[in-house]
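> Okay, here's the prediction I keep looking at, along with the sequence it came from:
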Amino acid sequence: MKRGTHRGYLVAFEGIDGSGKSTHLKLAARALKEKGFKVTELKEPTEGKWGERIRSLRENEVTPREELDLFLKDRREDVEGNILPALEAGKLVLIDRYYFSTMAYQGARGIDVKQIRRLNEQFAPVPELVIIFDVPVDVGLRRIETNRRSRHYYFERREYLEKVAGIYQQMKAENIVHIDATRPIEVVASEVTEKIEGMIKSPV
Ligand code: ADP
Ligand code: TYD
């Protein structure tokens, strides 16, 4: 779906696990609300039935294609039920993960990244701004110690996330910015707010 057909703004927060997306979404939402913006905060996978199904998946329970299909179903519901209504009401929508996560994570499972993008853009609005939080996989994993359930799990996860990070690194477009998220939280936070305000002043 094309940009610019609605009154609001859509900003996607993207990056590997532990890169700081949810931390910075909350900080940006607070800062922008204080400045008078009408902010809507969203997150994928959602709390809906498909999001629940996704969170209940055991490792290798479904094929990469089936996994892709579940994320697409969840996103369709989110677009129709939450994203489009908020954009049509003129809101500044901040979303923690969007279809760039599908490109990176299901792309890392071997599905063609361009095809994943095409499938999504048939129904999902293209964000005015995509902020990719860049951190090395080790840093992300260290920040979320709970994910280090066992050595085996850790290394498997690490290998997969290296592929995911590689796909994120290759994402470049006029609506995409990469932020060095290894810096202190306050430094990253002010850059995030600055990028969002800058986009609102002169949307691409
Ligand atoms: P994500 O949503 O991308 O998985 P989180 O926002 O949950 O990541 O961050 C994971 C952990 O890393 C949290 O404990 C958070 O406080 C910490 N964190 C986030 N950004 C930074 C940063 N720039 N420097 C240090 N720690 C950070
Ligand atoms: P995540 O944001 O990490 O949820 P939480 O912080 O509550 O654990 O998302 C869960 C996982 O889903 C994460 O590892 C990335 C993955 N994911 C995909 O594989 N494809 C997608 O399209 C999305 C939105 C998420």
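Received the coordinates, thanks. Numbers count the residues shown, from 1 in each chain. Ligands and ions are numbered 1, 2, ... in the order given.

> Would you map the helices across this protein?
With DSSP state H as the criterion, the chain has helices at 21-34, 49-55, 64-78, 84-88, 99-105, 113-121, 137-143, 151-170, 185-201.

> helices and strands of this structure: which one has the lowest mean pLDDT?
helix 151-170 (a mean of 87; mean pLDDT, DSSP states H and E).

> Compute the inter-axis angle for that helix and helix 113-121.
80 degrees (axes from the mean of the first three to the mean of the last three Cα atoms, to 10 degrees).

> List the contacts of the closest residue to residue 31 other than its chain neighbours.
Excluding the flanking residues, the one nearest residue 31 by Cβ to Cβ, 6 or more residues apart in numbering is residue 193, at 4.9 Å. Every residue, glycine included, has its C-beta placed from N, CA and C. By Cβ atoms under 8 Å, 6 or more residues apart in numbering, the residues touching residue 193 are 27-28, 31-32.

> try 10 Å this time
24, 27-32, 35 (Cβ atoms under 10 Å, 6 or more residues apart in numbering).

> How about the residues of the protein by ligand 1?
15, 17-23, 143-144, 181, 183-185, 188 (Cβ under 6 Å from any ligand atom).

> Show the buried residues in those.
15, 17-21, 23, 181, 188 (16 or more other Cβ atoms under 10 Å).

> coming back round to it: quick one: which of the helices of the chain is nearest residue 40?
helix 84-88 (4.3 Å; Cβ to Cβ).

> Could you pull out the buried residues of that closest one?
Those would be 84, 86-87, for helix 84-88 by 16+ other Cβ under 10 Å.

> And for stretch 40-52?
Buried residues in stretch 40-52 (16+ other Cβ under 10 Å): 40-46, 48, 50-51.

> Could you do stretch 74-84 as well?
74-75, 78-79, 82-84.

> Residue ranges in this protein under the pLDDT threshold?
Applying pLDDT under 70 to the chain picks out residues 1-5, 146-156, 203-204.

> Run through the residues of it sitting next to ligand 2.
Within the chain, the positions lying close to ligand 2 (Cβ under 6 Å from any ligand atom) are 17, 44-45, 71, 97, 101-102, 105-106.

> Distance from the chain centre to the least confident helix or strand of the chain, please.
16 Å (Cα atoms, centre = their mean, to the nearest Å).

> Can you get me a residue count around residue 170?
Per other Cβ atoms under 10 Å, the neighbour tally for residue 170 reads 10.

> In contact with it, which residues?
Contacts of residue 170 by Cβ under 10 Å, 6+ apart are 103-104, 107, 113.

> now swap in residue 127 and tell me
Per Cβ under 10 Å, 6+ apart, neighbours of residue 127: 3, 9-14, 83, 93, 95, 98-100, 175-176, 199.
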